[in-house]
Each structure stands twice: as C-alpha cells, then as structure tokens.
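# give me the fold of what follows.
(one chain, ligands or ions: 1)
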Amino acid sequence: MILDKALNICLVGLCLIGLAACGQKTERLAAGTPVAHLVHAAPLTTPKLQVIATFSTLGAIVSDVGGDRIAVTSLVPIGAAPETYEPAPSDIVTLEHADLVFENGAGLETWMDHLLRSVNPGQKLVVLAPQSAAGSDGRVNPHYWLVPTYAELYANEIAAALERTDPSGTAVYRRNLAATRAKYAALDHWIASRVATLPPRRRAMICFHDAWFHFDARYGIRDVGAVEPVPGEEPSAGAFAQLIADARRYQVHAVFAEPQFSPKLAQQLASGAGIATVTDLYDDTLGGTPALSTYVGLMRYDVNRIVQALQS
Ligand SMILES: [Zn+2]
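Numbering: from 1, shown residues only. As a prediction, this is how the structure comes out:
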C-alpha cells in the first residue's frame, strides 16, 4: 500500500516534469486525477509523421528529406519488384493510417490505382516522377530516381509535401532538403568521374530489366537493351537471340541482373554471348546491409559494381 502510494507520487512527479519539458502550461491537478489519464494527456515526444513510399529505394529518398520527424514504411518489401508486386490486404490498412503517401508513377506501380480505390486517401498521395513524353516505343521509362539530378527533383517535391502536411517541421525539412540536394549533387559528379575512367568502347550495358535507361543517357553509356523489357513477361526466342547478337556487336562486357528477379535468363544470355554476369545490381529495392540501406550508399555500390564489371 505504502509502495503503491510512493509509486503514484513518483509518476505524478514525472508527469509534471514532462509537462514542463514540453513547454506546456502546467495545470493544477485535481485531487484523484488518475495517473494513467495524466500520462496519456502529456506525451513526452511528438509522434512521428507516418509516411508511405511505394517501394524501398523511393523510401530512402523520402527518409533523407524527412529525417527523424517521419517514420517511413514501404509497401513493396525489400527484395521484391514494384512492377510485379501484388498488394496484400494489410496494405489497405497501412494506407488508411498514413499521413502522406509517395508514389513514383509513370507507369511503375500500376497496382496502386486499384489499391487507392479501396482507400481514397485523396490529397495525401504525391506522385514524384516527371510527367514527360513517352519514348519512341510509346512507353515512359519510370526509373528516374537512378539519376541523382532527378532524385534532387524528387527531394524538392517530398520537402514541399512534408511542409504542407506538417508545417511545424518546416525548418527541419528545409535544412534536410539542402543537405540532401548537396549530397545528391556531389554523387552526380562522383558518378560522372567514375564512368569517365572507362574507355568509351566499354561504356555499354545490358540489364535484366530496363531500369538504367535514364542513368545510361545521363552518363554517356550505351543502353544496349534489357533481357526482360516488360517485367514479368519473358522475351521471345527471337528477341533473346537479337540481344545476344547485340551484346557481341557492341562488345558488352557484362549483363547485370537484380536481386528482385531470377538471374536465370541473364545467365543464359551471358553464356550465349560469352560475357560475365553480375547478379547484385540494386535499383528498385534496397539491400540488407547498412551500405545498401541509403540512396547514396546504394548508388555508390552500384556504380562501383558497374565500372568494375565493364572494366575487366
Ligand atoms: Zn524497375
């Protein structure tokens, strides 16, 4: 009994310290006010903004801008492909509890339309990819984030959306945005300098899926093609044979597969063309190590992998 009383006094004391620490007006306590109610009424920390990114690499860019003020969840799990993802019923619950949702768009997450019809988050959704014209084949390649200068544009949009949703964090978001843009600009220069170490005739890539189209255009690498241009649809025998011929014609040194897809077809192409296979190029998904858990870390890892494979 004495112990219970001592505990109650102690908790009320802690609560008062909490109220003062939060800068809130300390109210006179009514006799018999339940301690549990007081603890509930005076949270010691501000709850984080609940933010969704459709896939993990996009989530890493969102985290760079939001920092500690936000908690980021990605719908597509690490190691899975956003193009072929099949939403789970739990995704609807996750979306319903979100303060803000970021999507790449440009045809990447076609499943989001269906999912959002079940949730209707309205103005909570922000689409980040530039709405540019389709290529000569009528398709828009959605993988803009693999170019840091485009990722800077994403960061601008993310900061603006976070400010609209959480105006009291404006100073933090602007400070994070400035640091993020500086990091991404430095990354862009570093990539250009790494690619410049490759002799021009070695600057040619084939990937399993068509993720590096904008990257190749930015850094002067010939995009020879993709094993599976439409994720989830195996290439025809004719298209596959043509890609082997192109690999020889352009003296491509390696084919790059990604952890979210089976490497089998890439390995068949490599053996047909007599070239190497790299099976761990990360683009749509982060990896399981600290170095592969940030946008800049992932890009630096990939570029070193690309340069190393094309050089040998
Ligand atoms: Zn992709």
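# please name the residues that touch residue 112.
Contact analysis of residue 112 by Cβ atoms under 8 Å, 6 or more residues apart in numbering lists 54, 103. Yep, even glycine has a C-beta here, placed from its N, CA and C like the rest.
# any idea which element it lies in?
Here residue 112 sits within helix 111-119, counting by DSSP states H and E.
# dump that helix to CSV, keeping only the CA atoms.
Provided in CSV are the C-alpha atoms of helix 111-119 (Å, rounded to 0.1, in the frame of the first residue of the first chain):
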residue,chain,number,x,y,z
TRP,A,111,-1.4,-1.8,-58.8
MET,A,112,-1.7,1.5,-56.8
ASP,A,113,-4.7,2.7,-58.8
HIS,A,114,-6.7,-0.4,-57.7
LEU,A,115,-5.4,-0.2,-54.1
LEU,A,116,-6.3,3.5,-53.8
ARG,A,117,-9.8,3.0,-55.0
SER,A,118,-10.3,0.9,-51.8
VAL,A,119,-8.8,3.7,-49.6
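# which secondary structure elements does whichever helix or strand comes after that helix contact?
Using DSSP H and E, the helix or strand that follows helix 111-119 in sequence is strand 125-127. The contact analysis (3 or more Cβ pairs under 8 Å, 6 or more residues apart in numbering; DSSP states H and E) places strand 125-127 against strand 100-103, helix 148-165.
# which of the ones you listed is buried the deepest?
strand 100-103 (a mean of 24; mean count of other Cβ atoms under 10 Å).
# who does it touch, helix- and strand-wise?
strand 49-53, strand 125-127, helix 148-165.
# okay if I get the ones you listed as a markdown table plus distance to residue 222 and mean pLDDT?
Formatted as a markdown table, the helices and strands packed on strand 100-103 follow (distance: least, Cβ to Cβ, whole Å; pLDDT from 0 to 100):
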| stretch | distance to residue 222 | mean pLDDT |
| --- | --- | --- |
| strand 49-53 | 31 | 97 |
| strand 125-127 | 30 | 94 |
| helix 148-165 | 20 | 98 |
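# and the ones you listed as a markdown table, adding distance to residue 178?
A markdown table is the format used below for these (distance: least, Cβ to Cβ, whole Å):
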| stretch | distance to residue 178 |
| --- | --- |
| strand 49-53 | 20 |
| strand 125-127 | 20 |
| helix 148-165 | 9 |
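# low-confidence ranges, the chain, go.
The chain contains residues with pLDDT under 70 at 1-44, 120-123, 133-138.
# need the residues of it near the ion, please.
211, 284 (Cβ under 5 Å from the ion).
# can you give me the strands in the chain?
Remark: strands assigned in the chain by DSSP state E are 49-53, 70-74, 100-103, 125-127, 204-207, 222-226, 254-256, 276-278.
# please identify the most buried of these.
Greatest average neighbour count among those goes to strand 254-256 (a mean of 29), per mean count of other Cβ under 10 Å.
# what packs against that strand?
Strand 254-256 packs on strand 204-207, helix 264-273, strand 276-278, helix 295-311, going by 3+ Cβ pairs under 8 Å, 6+ apart.
# need these in CSV with distance to residue 171, can you?
Shown next, in CSV, are the helices and strands packed on strand 254-256 (distance: least, Cβ to Cβ, whole Å):
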stretch, distance to residue 171
strand 204-207, 41
helix 264-273, 47
strand 276-278, 43
helix 295-311, 23
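# and among the ones you listed, the most buried is which?
Among the helices and strands packed on strand 254-256, strand 204-207 has the highest mean neighbour count (mean count of other Cβ under 10 Å), at a mean of 25.
# contact partners for residue 259?
79, 279-280, 282, 285, 287.
# same thing with residue 195?
203, 219-221, 303, 307.
# ok, residue 162 - contacts?
49, 51, 65-66, 69-70, 100, 169, 173.
# can you put those in a markdown table and add distance to residue 57?
Below are the contacts of residue 162 laid out as a markdown table (distance: Cβ to Cβ, whole Å):
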| residue | distance to residue 57 |
| --- | --- |
| 49 | 20 |
| 51 | 15 |
| 65 | 14 |
| 66 | 15 |
| 69 | 21 |
| 70 | 17 |
| 100 | 18 |
| 169 | 23 |
| 173 | 20 |
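# let me know the closest of those to residue 131.
Closest approach between the contacts of residue 162 and residue 131, by Cβ to Cβ: residue 100, at 19.8 Å.
# identify the bridge partners of the closest one.
Assessed by DSSP bridges, residue 100 has beta-bridge partners residue 51.
# check contacts around it.
Taking Cβ under 8 Å, 6+ apart, we find residue 100 in contact with 49-52, 124, 126, 161-162, 165.
# quick check: the gap between the nearest residue to residue 65 once chain neighbours are set aside and residue 92.
Closest residue to residue 65 apart from its sequence neighbours, by Cβ to Cβ, 6 or more residues apart in numbering: residue 158 at 4.5 Å. Noted for residue 158: a distance of 23 Å to residue 92, by Cβ to Cβ, to the nearest Å.
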